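*Asks:* 3D, please:
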Amino acid sequence: MTVDAHHHVWDLSVRDQDWIPEDSPLRRTFTVADLAPEARAAGVDRTVLVQTVTVPEETPEFLALAAGHDLIAGVVGWVDLTRPDIADELARLRDVPGGDHLKGIRHQVQGEPDPEWLLRPDVRRGLAAVAAAGLVYDLVVLPRQLPACARVAAALPELTFVLDHLGKPPIASGALDRWSADLGALAALPNTVAKLSGLVTEADPAAWKVDDLRPYTLTALDAFGPHRLMFGSDWPVCTLAATYAEVTDSARELLGGLGEQERAEVFAGTATRVYGL
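*Replies:* Residues are numbered from 1 along each chain as shown. Below is the predicted model:
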């Protein structure tokens, strides 16, 4: 079995994706029907659908999608972590159609100008509510925000933090040391997990090679181990640099040196366990 622990969908007729440049090939609708044949061809059995925009309407829509598609096993949605009634909002989402598919929450921390946004008292209160609801929290951050991730994860040991895209390492520049040290500090905390996802678009999108990704993948494997790493395609964002098949094939090549059981953890076991799929 293979789980794709990170992908998106969006319908531009329903809602704009204002983060997509006007001239980008991503500026079109991507649906589950577009994903399904590519996932099947790559041997992917189940997926986790992850939020794209910070609007409250998106999460119920994603939960309804999950209820109607066997491919989607879980949803990482969005709520405003700073709202005073966040516990009530999380409970409400559990009651909407498909609410049992809600597995985690995410916010575009990468877009916050404050590198310590995660450490704000109102945000930490919201994160504690996420933990109390039995959900996990996905971190989409830039490398400079990794130290704050480690500090908040240490302060909230009851919450599992899932680092998306390995914290967006600077693959295109080849820089490794600073990111590696900060990743290691986060991985030293037992309540942290990371996604082997989004790497092809952090490399040179037009000329990346599997070997470009190898030092970052091996660093993450050394830091987290296969039992705390999970594969994700980051489709359709990955299509800026690679097809769905190329992303899955490159991950399998990068992990080819692991034993069968260890590969099974990265490609299914970790995501199934962490997200409760």
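
*Asks:* so Ser241 touches Ala203, yeah?
*Replies:* Careful, residue 241 is Ala; it's not Ser. Yes - with the criterion set as CB atoms under 8 Å, Ala241 and Ala203 qualify as a contacting pair; they are 7.0 Å apart. To be clear about C-beta, it is placed using only N, CA and C from the backbone, and glycine gets the same treatment.

*Asks:* How about Leu163: what's its closest non-neighbour residue?
*Replies:* Ala194 (4.2 Å; CB to CB, 6 or more residues apart in numbering).

*Asks:* I should have written Asp45 there, sorry.
*Replies:* By the measure of CB to CB, 6+ apart, the closest residue to Asp45 outside its immediate chain neighbours is Met1, 5.0 Å from it.

*Asks:* neighbours around the one you found, how many?
*Replies:* If you count neighbours by other CB atoms under 10 Å, Met1 ends up with 11.

*Asks:* and if you look at Tyr244?
*Replies:* When neighbours are counted by other CB under 10 Å, Tyr244 registers 23.

*Asks:* which residues does it contact?
*Replies:* With contacts defined as CB atoms under 8 Å, 6 or more residues apart in numbering, Tyr244 is in contact with Leu35, Glu38, Ala39, Ala41, Ala42, Ser233, Trp235, Cys238.

*Asks:* Now with 10 Å, please.
*Replies:* Neighbour list for Tyr244: 4, 7, 34-35, 37-39, 41-42, 44, 233-236, 238 [criterion: CB atoms under 10 Å, 6 or more residues apart in numbering].

*Asks:* which among those residues end up buried?
*Replies:* Restricting those to buried positions leaves Asp4, His7, Leu35, Glu38, Ala39, Ala42, Val44, Ser233, Asp234, Trp235, Pro236, Cys238, with burial counted as 16 or more other CB atoms under 10 Å.

*Asks:* And the strands in the stretch 51-200 of the chain?
*Replies:* Taking DSSP state E, counting those that start in this stretch as the test, the strands found in the stretch 51-200 of the chain are 72-77, 102-107, 136-139, 161-163, 192-196.

*Asks:* mind putting those strands in JSON lines, mean pLDDT included?
*Replies:* Output for these, formatted as JSON lines (pLDDT from 0 to 100):
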{"stretch": "strand 72-77", "mean pLDDT": "98"}
{"stretch": "strand 102-107", "mean pLDDT": "98"}
{"stretch": "strand 136-139", "mean pLDDT": "98"}
{"stretch": "strand 161-163", "mean pLDDT": "98"}
{"stretch": "strand 192-196", "mean pLDDT": "98"}
